[in-house]
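A.B. asks: This is a predicted model, with the sequence first.
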Amino acid sequence: MSGDPLAPGLYLVATPIGSARDITLRALDILRDADAIAAEDTRTARKLMEIHGIPLNERPLVAYHDHNGPAARPRLMRLLAEGKSLAYVSEAGTPLVADPGYRLAVEAIAAGLPVTAAPGASSVLAALSVAGLPSDRFLFAGFPPTAGAARRSFLAELAPVPATLVLFESPKRCAATLDTMVETLGAGRQAAVCRELTKRFEEVRRGTLAELAEALEAEPPRGEVVIVVDRGHDAPDADAMEAALGEALATMSVRDAADTVAMALGLPRRKVYQAALKMQGGT
């Protein structure tokens, strides 16, 4: 417990995406000390505070979501203008990531009011951590459009992006989206479908887009889903791969040569390893 009063301003407080214990001590301090709290879902906020023994007392708990944003924002802005400390929590995860808090933060910034982030759980970063795909550069693309033609156009625009792609999707549309990804991004692109992250039934399926599309068609996922897709690679021809392997095998073991060439050319390691075995006369 800090014991210090909370300075005026807007605090964007990340909340757990599953396990209630995935909340920071700082977030709990802010929820305890803020003059008022705004929440995308007040029931979820109340439950989280009850779990961690934080009383609401007489403080305002204001619903702020997509449907009431224009009506609720003026009240919240008045609180900030009066020098109050206001904690905003999304339903789950980090505020402003696919979340209605964006407009509130923009107006507070435009008014010259302090805006502070209290970082924590994020399904985007959690999915990147477990997907097994490059995380040095990524693009969070949100939810794809629901209509087939719009979804196809949306994903086609992402195809050349030189970064790992992260998308949210409804479990009902996950198979259809993966089918469209096969069409627009390529059947062989590596991907991961992460569901129910940090929850009891957390599951990560990894494979090519074609493999995942087939698997989810047969067994649709349940719960909240994050799809992570590897960046596109210009596929070198077989001669280029064999030339690179020949040079690497002159000084390296089959395993090390395959690792080196796969990384250099952006190819699946298994494919390169099998080619190296064949060049060495293995099976």
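C.D. replies: That came through fine.
A.B. asks: C-alpha from now on. contacts and neighbour counts both.
C.D. replies: Noted.
A.B. asks: which stretches of the stretch 1-150 of the chain form strands?
C.D. replies: For the stretch 1-150 of the chain, the strands defined by DSSP state E, counting those that start in this stretch occupy 9-13, 36-39, 61-63, 85-89, 115-118, 138-142.
A.B. asks: tell me what the helix-or-strand element of the chain with minimal mean pLDDT is packed against?
C.D. replies: Lowest mean confidence among the helices and strands of the chain (mean pLDDT, DSSP states H and E): helix 254-265, at a mean of 81. Counting contacts by 3 or more CA pairs under 8 Å, 6 or more residues apart in numbering; DSSP states H and E, helix 254-265 is packed against helix 238-249, helix 269-279.
A.B. asks: and the angle for that helix with helix 238-249?
C.D. replies: 130 degrees (axes from the mean of the first three to the mean of the last three CA atoms, to 10 degrees).
A.B. asks: Report the central residue of the protein.
C.D. replies: The chain has residue 124 as the residue nearest its centroid, 1.3 Å off, counting by CA atoms, centre = their mean.
A.B. asks: pLDDT wise, what is that residue at?
C.D. replies: pLDDT for residue 124: 96.
A.B. asks: Residue 17 now?
C.D. replies: At residue 17, pLDDT is 94.
A.B. asks: which residues touch it?
C.D. replies: 92-93, 121-123, 197-198 (CA atoms under 8 Å, 6 or more residues apart in numbering).
A.B. asks: redo that, cut-off 6 Å
C.D. replies: Neighbouring residues of residue 17 by CA atoms under 6 Å, 6 or more residues apart in numbering: 92-93.
A.B. asks: Tell me which stretches of the stretch 1-150 of the chain form helices.
C.D. replies: Along the stretch 1-150 of the chain, counting by DSSP state H, counting those that start in this stretch, helices occupy 25-33, 42-51, 69-81, 101-110, 123-131, 148-158.
A.B. asks: and residue 208, which of those is closest to it?
C.D. replies: Of all the helices of the stretch 1-150 of the chain, it is helix 123-131 that lies closest to residue 208, at 12.1 Å by CA to CA.
A.B. asks: and the angle from the closest one to strand 138-142?
C.D. replies: 130 degrees.
A.B. asks: quick one on the thing from earlier: okay if I get the helices of the stretch 1-150 of the chain as JSON lines plus distance to residue 277?
C.D. replies: Putting the helices of the stretch 1-150 of the chain into JSON lines (distance: least, CA to CA, whole Å) gives the following:
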{"stretch": "helix 25-33", "distance to residue 277": "53"}
{"stretch": "helix 42-51", "distance to residue 277": "55"}
{"stretch": "helix 69-81", "distance to residue 277": "61"}
{"stretch": "helix 101-110", "distance to residue 277": "53"}
{"stretch": "helix 123-131", "distance to residue 277": "28"}
{"stretch": "helix 148-158", "distance to residue 277": "35"}
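A.B. asks: nearest to residue 61, of those?
C.D. replies: Nearest to residue 61, of those and by CA to CA, is helix 42-51 at 7.0 Å.
A.B. asks: Touching that closest one from outside, list them.
C.D. replies: residue 63.
A.B. asks: make it 7 Å
C.D. replies: Identification of contacts with helix 42-51 by CA atoms under 7 Å, 6 or more residues apart in numbering yields 20, 39, 55, 61, 63, 91.
A.B. asks: which of those sit farthest apart?
C.D. replies: Taking CA to CA, no two of the contacts of helix 42-51 sit farther apart than 20 and 63, at 20.5 Å.
A.B. asks: Quick check: chain neighbours aside, which residue is closest to residue 94?
C.D. replies: Leaving aside its chain neighbours, residue 94 sits nearest to residue 14 (4.2 Å; criterion: CA to CA, 6 or more residues apart in numbering).
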